[in-house]
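Enquirer: requesting a structural model of the entry that follows:
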Amino acid sequence: MVGEYDRYNMDRMVTVTANIENTDLGSAAKQVEAAVAQLGKPPARVSIATRGQVQPLTDLITALQAGLLLATLVIFLLLAANFQSVQLALVTILTTPAAVAGAMLALWLWNSTLNLESFMGVIMAVGVAVANAILLVTFAERSRIAGKSSSDAAREGAESRLRPILMTTLAMISGMLPMAIGFGATGGQAAPLGQAVIGGLAVATAATLLVLPGAFALIRATAGRQSPSLDPDDPASKFARTS
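Expert: Next up, the predicted model:
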């Protein structure tokens, strides 16, 4: 006969546990869900629940994904207000997918996982990538308004901002490299953060210098040169003071 009856909220419970050593929690949770699905529909008055750290992990990943999307949207709105142009804001935000893809690639190459630390690294990489893109777009748009074609302005913006962008990226990557390697007894806990930052910045910088100028030249090819500003002290605005 049964030696012990366990209950949860007065419901009789049978607990199944397993050792998930050398396996991350997310992969183990997917395997459990697959195994439960293979069992089919449970009998009447029987329910199956996954407990432990699976639900907190799912809630954390969902919240971080929503936070990343919200941060991207806020950045886009701020850029649109700063540039007073939706086109320029769109061009600048194009580096975000490259940063996310680079971070995922780095995590895969390092055989790491998507967790709280790596998600923080993705957000950091997106922030630095957008800052580099703002530098390039600002100088390119300034040259275009001055009279150059969109392609020449994009080339000049990339050439003039090449050194600052590379300096920022290399400094960030150099600082994150010891963390990514995971020196020390507990270095592996924060290693995914450094790995995500390195991969995200490497790919985003390449996209900023190679892809972003082409996108700028294409999108701004037919844009006007008059400033959309309402400031009467802006000489490029149509509302500028004449006397």
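Enquirer: got the residue ranges for the strands in the protein?
Expert: 6-8, 11-13 (DSSP state E).
Enquirer: identify the residues contacting the last one?
Expert: So the one you mean is strand 11-13. 5-7 (CB atoms under 8 Å, 6 or more residues apart in numbering). Backbone N, C-alpha and C define where each C-beta goes, glycine included.
Enquirer: likewise for stretch 204-212?
Expert: With contact meaning CB under 8 Å, 6+ apart, stretch 204-212 is reached by 91, 94-95, 98-99, 102, 125-126, 128-129, 132-133, 136-137, 154, 158, 162, 165-166, 169.
Enquirer: which of those are buried? Put it as a PyMOL command.
Expert: Buried residues within the contacts of stretch 204-212, by 16 or more other CB atoms under 10 Å, are selected in PyMOL with:
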select buried, resi 91+94+95+98+99+102+125+126+128+129+132+133+136+137+154+158+165+169
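Enquirer: tell me the most buried of the strands of the chain?
Expert: Greatest average neighbour count among these goes to strand 11-13 (a mean of 11), per mean count of other CB atoms under 10 Å.
Enquirer: I'd like the average pLDDT over it.
Expert: Strand 11-13 carries an average pLDDT of 85.
Enquirer: return the distance of stretch 44-57 from the chain's centre.
Expert: 30 Å (CA atoms, centre = their mean, to the nearest Å).
Enquirer: from residue 133, how far off is residue 212?
Expert: Note on residue 212: its distance to residue 133, by CB to CB, to the nearest Å, is 6 Å.
Enquirer: likewise for residue 211?
Expert: Using CB to CB, residue 211 is found at 10 Å from residue 133.
Enquirer: what's the overlap in contacts for those two?
Expert: With CB under 8 Å, 6+ apart, residue 211 and residue 133 have common neighbours residue 94.
Enquirer: endpoint to endpoint, stretch 43-59 covers what distance?
Expert: 29 Å (CA to CA, to the nearest Å).
Enquirer: can you pull out the helices in this protein?
Expert: 25-39, 54-83, 86-93, 95-109, 116-145, 150-160, 162-181, 187-210, 212-219 (DSSP state H).
Enquirer: please name the nearest non-neighbouring residue to residue 112.
Expert: Distance criterion CB to CB, 6 or more residues apart in numbering; nearest residue to residue 112, sequence neighbours excluded, is residue 192 at 4.7 Å.
Enquirer: quick one, what contacts that neighbour?
Expert: Residue 192 makes contacts with 107, 110, 112-115, 117-118, 121, as judged by CB under 8 Å, 6+ apart.
Enquirer: same thing but at 6 Å, please
Expert: Going by CB atoms under 6 Å, 6 or more residues apart in numbering, residue 192 touches 112, 115, 117-118.
Enquirer: just residue 44 next, same as before
Expert: Neighbour list for residue 44: empty [criterion: CB under 6 Å, 6+ apart].
Enquirer: could you measure from it over to residue 8?
Expert: The value you get for residue 44 to residue 8, if CB to CB is used, is 19 Å.
Enquirer: likewise for residue 104?
Expert: 38 Å.
Enquirer: ok, now residue 162?
Expert: 61 Å.
Enquirer: please apply the same query to residue 199.
Expert: Applying CB to CB, the value for residue 199 to residue 8 is 42 Å.
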